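> coordinates for the following, if possible.
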Amino acid sequence: MHDDRISTEGRLTRFVRDHLDPNLYRHRLPLAVSAWEVDGEPVAVTDAVHQQFSPFCIGDRWGAPWTTTWFRFTATIPAHWDLGVGPLEAVIDLGFDTVNPGFQSEGLAFDLDGRPIKGVSPMNRYVPLAGNPGDPVAFLLEAAGNPDIAKEFDFLPTSLGDPATAGHEPRYRLATADLAVLDTTVWELRQDIAVLDGLMRQLPTDRPRRAVIMRALEQMLDTLDPDDIAGTAAAARDVVAPALHAPADASAHRLYAVGHAHIDSAWLWPVRETIRKCARTFSNVLALMDDDPDFVFACSSAQQLTWIKERYPALFERIRAKVADGQFVPVGGMWVESDTNMVGGEAMARQLLVGKTFFLDEFGVECEEVWLPDSFGYSASLPGIFRAAGARWFLTQKISWNTTNRMPHHTFWWEGIDGSRIFTHFPPVDKYNSDLGAADLAHAQRNYAEHGHGSMSLVPYGWGDGGGGPTREMTAVAARTRSLEGSPSVRTASPHTFFLDAQAEYPDPPVWLGEMYLESHRGTYTSQSRTKQGNRRSEHLLREAELWCTTAMVVLGAPYPHERLDRIWKLVLLQQFHDILPGSSIAWVHREAERNYAAITAELDELITTTLAQLVGSGEVALQANAAAHPRDGVAAGAIGIAAPHPEGTTTVTEHGDDLVIDNGALRLVVDRRGLITSWFDIGAAREVIAPGQVGNLLQVHRDTPNEWDAWDIDAHYRRTVTDLTDLDSMEVVHNDIGVTLRLCRSFGASTIEQDVVITTGTTEVGILTTVDWHERQKLLKLGFAFDVACERFASEVGFGHVFRPTHANTSWDAAKFETCAQRWIHLGEPGFGVAIANDSTYGHDVTRCQTTTTARVSLLRAPLYPDPDADQGTHRFGLSITSGAEIVDAVRSGYAINLRQRRISGARVVDPLISVDNPGVVVEAVKAAADGSGDVVVRCYESLGARARAQISAGFGLTQAVRTDLLERPLPEAAVEISPERSMSLTLRPFEIVTLRLRRS
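Alright, predicted model coming up:
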């Protein structure tokens, strides 16, 4: 035969466009439209329904950026309409385009009693209605004038991310508002064609199956009368039925399709808009559930469901009913889908504690899988944290964004730093918002790395970010591909079902050890510094507040502020969302986060100050409250005591030519006229710390122009353009009672930098406080030290431990880690000697080696232009401490010390610690009251050095019971811990093990 494939496929495309799609609705007429524009922030439907609506016409403009317009639509169902051919619907086009369905205007329809009906979005434009011929119909639609900041992700600077600069011009025109009757038979035919056409185009041209489908579609076109689509659609369906009913191959890949809507809790829209996006999407999926009992939808964020409970209670009750039916499935068990690189270990534990508790309390559901498809890399400590929260499984997708190396597995055991393993799936579809189209299904099958060992993978489908979630067209695909020759077999299911089946089929998959580093988005460790500082400060203030409030509860019988701390924790956890803490959101989001952090700081400072005053009483004794994990200045960890006097000695400053020589008895620094450290001699170790011919305290500015994803990415080529900031405006030596401060001032471009280099008598620690008034654009500011320390790897703190990373680029995996994230410290060491660098608010680092020189640099600031063109402008302060002769235990101690400053107070009495540990490698991370209000004390500790450890945990109060628990404070099997007469408990910990103890007071 002649090859007519191209012409037949072209005929099909045009026929569907010109004849079939225009006939999906049997009847159609324009709705009458009126509108009311909200003045200011959105209002509830109960307010909108009473407003004065004005006439509005198709084609009229509406929707200035971030505004809300309420539309009222009315009509009378014509008497001659045949409502038996399909459902009665409204078809609404607010001025959509289909390029970015989750990034533009959206709407939520309500009935006149204020009940949500369904969302309206670019790929989901219908509103189900009810009535009989002759009946009036009316409904309201809340339309959000959200500007399309994404556009086509051209990453151009935009003023739209801040209401103050977004402008007032309407951005949309109402395009369609019709009352219509869907022709079910024609619609079903359209879905038949979509599935077969998509499959045909994915199959190789030499496959007989492709030719069979093409001929079936060709015969269908011959059968379908363009002048009588409605009358010939049923016959056309009969023609293609055999092609649709040919069963799948026995070896076809099996796809578990999970309805999903990845809704970022903030990103290119503010938090307040996320709340409405959730309401629209959840209304959509509830409507789908009513129509399709097989449809299953997974929702991962307890915060988002909390918003619905608070703002849309009727909708929440519908969700609760669908959870009970097994269709609406809570997953993940976290408060939000957080970042995992910068979130502290205890905060990550709280993400799970607070999230899982919500799902248990509201739905009686225990989430056994952790669901983080879009976070920007995955810390090596997560398997241990997840398992400690009772999770069995983990799902992620983001690693498909790697730019250098391909992840070798799709189903595997992921092993963390403590040896814990969690069964992990990485969907080979390579996205979390599939449309279930043939291209996605084929890609999942081709891409799956476990063929021959496993046969199944999960595909999350549905439009995200306000695009409305799964659609009826997608569920139609799932139904038609359940068993279809040439296609993977698709089954709708919950993640729980998938993981049970996948683990049963493949119980011994490969093991991935350590972090899953994302080879992309490295700039998120540094962008939006104030947001990161707010998070770090809030995490540590919460530690202090819980410690002192628990101490007051035990010592004084004071009430514990459960509700207050819970409210603050939830706000902190929200702002750890993976587009807020990483600094990749619009200006509105980050300015709001900064305001929230300021309020959190003020409230927690007040709570801590008040509680400390209660503990020490009224008096004039000078005291220090030590909330850190190790003793300081003679005050025990977790105690309030009298600080020991500072060690005797002096710090001298002498001039040697143009250099200053500073000697504090433990180290001798040489600082040249540029303010750079040219020599750091550790007196106790009798060795030089700065590499020959190199310097420390070198500020460097790089050009920072990534190829795309401005706020997210630092590209490797940044290193090729650098300016060393060696010009000094002024240098001042300031003497004080405990040492010397060297004050350095510099200028660069439109910015100024002031540094206080603090040398304290008798220590090998140098503190550097850097204050930057930053007014650069597309620049990266780093602070570096070239150490005479030969190390092939360096240690970086992660939650509840640390990881080692290479200083070399031997392999592509090593080379890709040219910028890495550390929490409070890094450590560079060779046998017998090391250097620790601790920070109070920075995360991005790069560490490289050249022979026996290792250079460590801390990333201080960026200035990306998208999505916030004013990112990081203004004044910033960064604290570092650099300690020579340090082991990892010293790095851990420095990390806590710089983030938990001593509080100096006056009072009448000292306060002993509630909890003491005799092993410095075993760190107490949290002391709090049990969440259930029982008055029990919960203590969380971990082994911090990567070694097996024995420790005596001693309580400063009477005990009747001690048990080991999970992160949700529930006793573990064989949980009892023996208590000695001295109220101590003996623990043996494996490397990096997390232990949670619940102590019953006598």
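> alpha carbons only for contacts and neighbour counts from here, please
OK.
> can you give me the helices in the stretch 451-600 of the chain?
Using DSSP state H, counting those that start in this stretch, the helices assigned to the stretch 451-600 of the chain run over residues 472-480, 495-505, 529-556, 562-574, 587-616.
> give me the angle between the fourth one and helix 529-556.
Meaning helix 562-574. 160 degrees (axes from the mean of the first three to the mean of the last three CA atoms, to 10 degrees).
> right, so of the helices of the stretch 451-600 of the chain, which gets closest to Val671?
helix 529-556 (28.7 Å; CA to CA).
> the closest one packs against which elements?
Using 3 or more CA pairs under 8 Å, 6 or more residues apart in numbering; DSSP states H and E, the elements in contact with helix 529-556 are helix 562-574, helix 587-616, helix 888-899, strand 922-929.
> what is the mean pLDDT for the last one?
Taken as a whole, strand 922-929 has a mean pLDDT of 98.
> cool, and stretch 550-562?
The model assigns stretch 550-562 a mean pLDDT of 98.
> how far is stretch 746-758 from where the chain is centred?
From the chain centre to the centre of stretch 746-758 is a distance of 33 Å (CA atoms, centre = their mean, to the nearest Å).
> quick one on the thing from earlier: any chance of TSV for the helices and strands packed on helix 529-556, columns distance to Leu174?
As requested, the helices and strands packed on helix 529-556 are arranged in TSV below (distance: least, CA to CA, whole Å):
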stretch	distance to Leu174
helix 562-574	35
helix 587-616	27
helix 888-899	53
strand 922-929	55
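> nearest to Trp548, of these?
Counting by CA to CA, Trp548 lies closest to helix 587-616 out of the helices and strands packed on helix 529-556; the figure is 6.5 Å.
> report the buried residues of the closest one.
Buried residues in helix 587-616, counted by 16 or more other CA atoms under 10 Å: 587-590, 593-594, 596-597, 600-601, 604-605, 607-609, 611-616.
> between helix 562-574 and that helix, find me the angle.
150 degrees.
> which other helices and strands contact helix 587-616?
helix 529-556, strand 903-907.
> double-check that Ala138 belongs to a strand.
Yes: counting by DSSP: H, G, I helix; E, B strand; the rest coil, Ala138 falls inside a strand.
> now the helices for the stretch 801-950 of the chain?
For the stretch 801-950 of the chain, the helices defined by DSSP H, counting those that start in this stretch occupy 812-815, 888-899.
> alpha carbons of the shortest one, as PDB, please.
Okay, so that is helix 812-815. Presented in PDB, the C-alpha positions along helix 812-815 are these (Å, rounded to 0.1, in the frame of the first residue of the first chain):
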ATOM      1  CA  SER A 812      31.000  14.000  37.500                       C
ATOM      2  CA  TRP A 813      29.100  13.400  40.700                       C
ATOM      3  CA  ASP A 814      31.900  15.200  42.600                       C
ATOM      4  CA  ALA A 815      32.200  18.000  40.100                       C
END
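> report the rounded mean pLDDT for that helix.
98.
> hmm, who's touching that helix?
The contact list for helix 812-815 (CA atoms under 8 Å, 6 or more residues apart in numbering) reads Thr404, Asn405, Pro806, His808, Ala809.
> try it again with 7 Å
Contacts of helix 812-815 with the rest of the structure, by CA atoms under 7 Å, 6 or more residues apart in numbering, involve Asn405, Pro806, His808, Ala809.
> ditto for stretch 752-771
Applying CA under 7 Å, 6+ apart, the contact partners of stretch 752-771 are 647, 649-651, 664-667, 682, 738-747, 772-774, 876-884.
> now do the buried residues in stretch 452-466.
Within stretch 452-466, the residues scored as buried using 16+ other CA under 10 Å are 454-466.
> strands - which of the residues you listed land there?
If you go by DSSP state E, the buried residues of stretch 452-466 have Met456, Ser457, Leu458, Val459, Pro460, Tyr461 in strands.
> from Gln445, how far off is the second one?
For Ser457, the distance to Gln445 equals 9 Å [CA to CA, to the nearest Å].
> cool, and Arg320?
Relative to Gln445, and taking CA to CA, Arg320 is found at 35 Å.
> same thing with Arg491?
14 Å.
> how about Ile608?
According to CA to CA, Ile608 stands 56 Å off from Gln445.
> now the residue most central in space within the chain, nearest residue through space, not along the chain?
For the chain, the residue nearest the mean C-alpha position is His578 (2.2 Å; CA atoms, centre = their mean). Among residues not flanking His578 along the chain, Asp339 sits closest, at 4.3 Å (CA to CA, 6 or more residues apart in numbering).
> neighbours around the one you found, how many?
Residues within reach of Asp339, counting by other CA atoms under 10 Å, total 24.
> contacting residues for it?
Asp339 makes contact with Ser375, Phe376, Gln576, Phe577, His578, Leu581 under the criterion CA under 7 Å, 6+ apart.
> same deal with Ile888?
Residues near Ile888 by CA under 7 Å, 6+ apart: His827, Leu945.
> element containing Val733?
Following DSSP states H and E, one finds Val733 within strand 730-736.
> adjacent strands (with direction) for that strand?
strand 739-748 (antiparallel) (DSSP bridges).
> which residues does the residue nearest to the centre of the chain contact?
So His578 contacts Glu337, Ser338, Asp339, Ser375 (CA under 7 Å, 6+ apart).
> could you do Gln528 as well?
The contact partners of Gln528, taken as CA under 7 Å, 6+ apart, are Gly583, Ala871, Asp872.
> and it, how far from Asn839?
As for Gln528, its distance to Asn839 is 16 Å (criterion: CA to CA).
> Gly696 now?
To Asn839, Gly696 is 16 Å away according to CA to CA.
> which residues of the stretch 151-300 of the chain fall in helices?
184-202, 208-223, 229-245, 271-291.
> which of those sits most buried?
The densest packing among those, expressed as mean neighbour count by mean count of other CA atoms under 10 Å, is seen in helix 271-291 with a mean of 22.
> report the angle between the axes of it and helix 587-616?
Here the directions of helix 271-291 and helix 587-616 differ by 100 degrees (the same axes, to 10 degrees).
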